[in-house]
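Asker: what follows is a predicted structure for the sequence shown.
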Amino acid sequence: MIKAFNYFQPTQIRFGAGRVNEAGEIALSYGRRALLVTTPSEPALAPTYERVKKILAEAGMEVAHFDQVQPNPTTENIAAGSAAARAHKADVVVGLGGGSSMDSAKAIAVEATHPGSCWDYLFYKPTQPTEKTLPIVAISTTSGTGSQVTQVAVVTHTKARDKSALYHAFCYPRACIVDPELMLTVPQHVTASTGFDVFCHAFESMLHPNASAYTDTLAGEAIRTIVKTLPKLLADLNDVGLRAAMAWADTLAGLCIANAGVTLPHGVGMAISGMYPNVMHGEALSIIYPAFTRFTYRHAVPQFAFVGRLMNPKLTGVPDMQAAELSCEAIDGFIQAIGMRIRLKDKGMPEKEIPDLAKAGMVLPDYKGNPRVATADEMLELVRQVY
C-alpha cells in the first residue's frame, strides 16, 4: 500500500532555453522596484548580469544591483544586501546565480522586512518569517542546489563558524526561471561539484523518512539523468542539451528535498563548509560520501541497490543486499569519474579539529533522518575515515 503523504510546491517554474527573457514580466507582477542579488561581476558573469538588468529595466522596473554575495554567504553579506533592499525600497528580490545568490535573495527578503538579523529566523528559532517577507524571483545559473524551488536559505555565521538555514514557506520563490543557456559558462569543477550535489539531494530524499511515492518518482528520474548526463557534460561543457538535462535533474531534486529532506551527509557537509568556507558544498558532500555509504547501506538496501544498478548495470542480476553493498564502490567510482574524490586534509583542515567537526555534524537535525542514526562516537569515526 502506498503510504500517506503531503506534497507542496508554490513556486511557478518556467523551464527552457531563452526563458530568462521573461524575467521582467515575472518580476513586474510583484512591483516596480527590484533588488538584483548576485555574486561580484566577473568577465564570464558580467554579460548575464547586464542582460538581466536590461530585461528588468525594459519591463519598466527600477533596478538596484547588490553584487556582494560570496560562496557560502555570510550574515554580513545578508545584512549589507538587506540595507540595499531597504534603501531602494525594493518590492521584489531577484536572485540570479547559483545557490549562494538564490539563498541570499531569500534571506535578504526576510531581513529587509523584519527586525534583527536573518540569523534570528533560523528554522529552529521561535520567531519565524512572516507574510512581510518580500516576494522572491529566482533565476538559476548552475545545476546544483535546487534552491529555485525550495524554502531553504543557507547562511554562515562567520564568528561562530556555523552554517545553518532559514526554512519557511515564505522563503519559497514566487517564481523561478531555469534557463540552461545561462549555465554554459559554468567551469568544469563547479559543474562537477554542483552536479554531485544534485545526486545527493535526490538520493538522500529517497532515504529520508519523509520520502513518498511522489518524491521517489522524481528522485529516481533525477538520478537516472545525472548518472547518464554528468560525465558526458564534463567532457563537453558547451552542450546545451546536456546542460538542460542537468538543469532538469536539479529542479527535480530540489522538489524532492523541499518535501522530503536530506540526511547525514548534508548535516556534516554544512558543518564542513561552516568551519572551512573554502570548501564548496558539493566538495563537502563528496568528502563524506564514501564513509556515509558504508555506514548506511545495510539499513536502506532497496535504495542503495537501485543506485548501484544504475551506476553499474552488472549488478542488475545480483541479490539486493549484494547490489547495495557493491553500490558503495559504484558511488566511489562515480565520484572519481567526475573528479570529486577529495579528503578533508586536501582542503587544509587541521587534524586536531576532527572532534570539533564531528560535534558540529550533529548540530543540524539532518543526521537524525538517516536510515542509520549515528551516535557521537560513530560520527567521530566517520569524520576520521574521510580525513
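Answerer: Everything's here; your move.
Asker: so the residue nearest to residue 161 when sequence neighbours are not counted versus residue 300, what's the distance?
Answerer: Distances taken as CB to CB, 6 or more residues apart in numbering put residue 275 closest to residue 161, at 5.0 Å, once the chain neighbours are dropped. All C-beta atoms are positioned from the backbone trio N, CA, C, and that covers glycine. Separation of residue 275 from residue 300 (CB to CB, to the nearest Å): 28 Å.
Asker: and if you look at residue 74?
Answerer: 35 Å.
Asker: same deal with residue 96?
Answerer: Note on residue 96: its distance to residue 300, by CB to CB, is 37 Å.
Asker: and the two? which has more neighbours close in?
Answerer: Each of residue 96 and residue 300 has its neighbours counted (other CB atoms under 10 Å); residue 96 has more, 30 against 20.
Asker: contacting residues around that one?
Answerer: Residues in contact with residue 96 (CB atoms under 8 Å, 6 or more residues apart in numbering) are 36-38, 48-49, 52, 139, 141.
Asker: check residue 55 too.
Answerer: 20-21, 23-24.
Asker: what kind of secondary structure is it in?
Answerer: Three-state call for residue 55 (DSSP: H, G, I helix; E, B strand; the rest coil): helix.
Asker: helix, strand or coil for the residue of the chain most remote from its centre?
Answerer: Centroid-distance maximum for the chain: residue 317 at 34.0 Å, with CA atoms, centre = their mean. Secondary structure assignment for residue 317 (three-state DSSP): coil.
Asker: quick one, phi psi at it?
Answerer: Backbone torsions for residue 317, taken as degrees, to the nearest 10, come to phi -90, psi 0.
Asker: and residue 17, by the same measure?
Answerer: The phi/psi pair for residue 17 (degrees, to the nearest 10) is phi -60, psi 130.
Asker: how many residues are close by it?
Answerer: 15.
Asker: what about the closest residue in space to it that isn't next to it in sequence, distance to residue 239?
Answerer: Nearest residue to residue 17 in three dimensions, chain neighbours excluded: residue 181, at 5.0 Å (CB to CB, 6+ apart). Per CB to CB, residue 181 is found 12 Å from residue 239.
Asker: list the residues that contact the residue nearest to residue 161.
Answerer: 161, 349, 353, 356-357, 360.
Asker: make a ChimeraX selection of the buried ones in those.
Answerer: To isolate the buried ones among the contacts of residue 275 in ChimeraX, judged by 16 or more other CB atoms under 10 Å, type:
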select :349,353,357,360
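Asker: may I have the helix ranked longest in the chain exported as PDB, CA atoms only?
Answerer: With secondary structure taken from DSSP state H, the chain has its longest helix at helix 213-235. Presented in PDB, the C-alpha positions along helix 213-235 are these (Å, rounded to 0.1, in the frame of the first residue of the first chain):
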ATOM      1  CA  ALA A 213       5.700   7.800  -3.800                       C
ATOM      2  CA  TYR A 214       5.700  11.300  -5.300                       C
ATOM      3  CA  THR A 215       9.300  12.300  -4.300                       C
ATOM      4  CA  ASP A 216      10.700   8.800  -5.000                       C
ATOM      5  CA  THR A 217       9.400   9.100  -8.600                       C
ATOM      6  CA  LEU A 218      11.000  12.500  -9.000                       C
ATOM      7  CA  ALA A 219      14.200  11.300  -7.300                       C
ATOM      8  CA  GLY A 220      14.500   8.200  -9.400                       C
ATOM      9  CA  GLU A 221      14.200  10.300 -12.700                       C
ATOM     10  CA  ALA A 222      16.800  12.800 -11.400                       C
ATOM     11  CA  ILE A 223      19.300  10.100 -10.500                       C
ATOM     12  CA  ARG A 224      18.900   8.300 -13.900                       C
ATOM     13  CA  THR A 225      19.500  11.600 -15.600                       C
ATOM     14  CA  ILE A 226      22.600  12.500 -13.500                       C
ATOM     15  CA  VAL A 227      24.300   9.200 -14.000                       C
ATOM     16  CA  LYS A 228      23.700   9.300 -17.700                       C
ATOM     17  CA  THR A 229      24.400  13.100 -18.200                       C
ATOM     18  CA  LEU A 230      27.000  14.500 -15.800                       C
ATOM     19  CA  PRO A 231      30.100  12.600 -17.100                       C
ATOM     20  CA  LYS A 232      29.200  13.500 -20.700                       C
ATOM     21  CA  LEU A 233      28.700  17.100 -19.700                       C
ATOM     22  CA  LEU A 234      32.100  17.400 -18.100                       C
ATOM     23  CA  ALA A 235      33.600  16.300 -21.400                       C
END
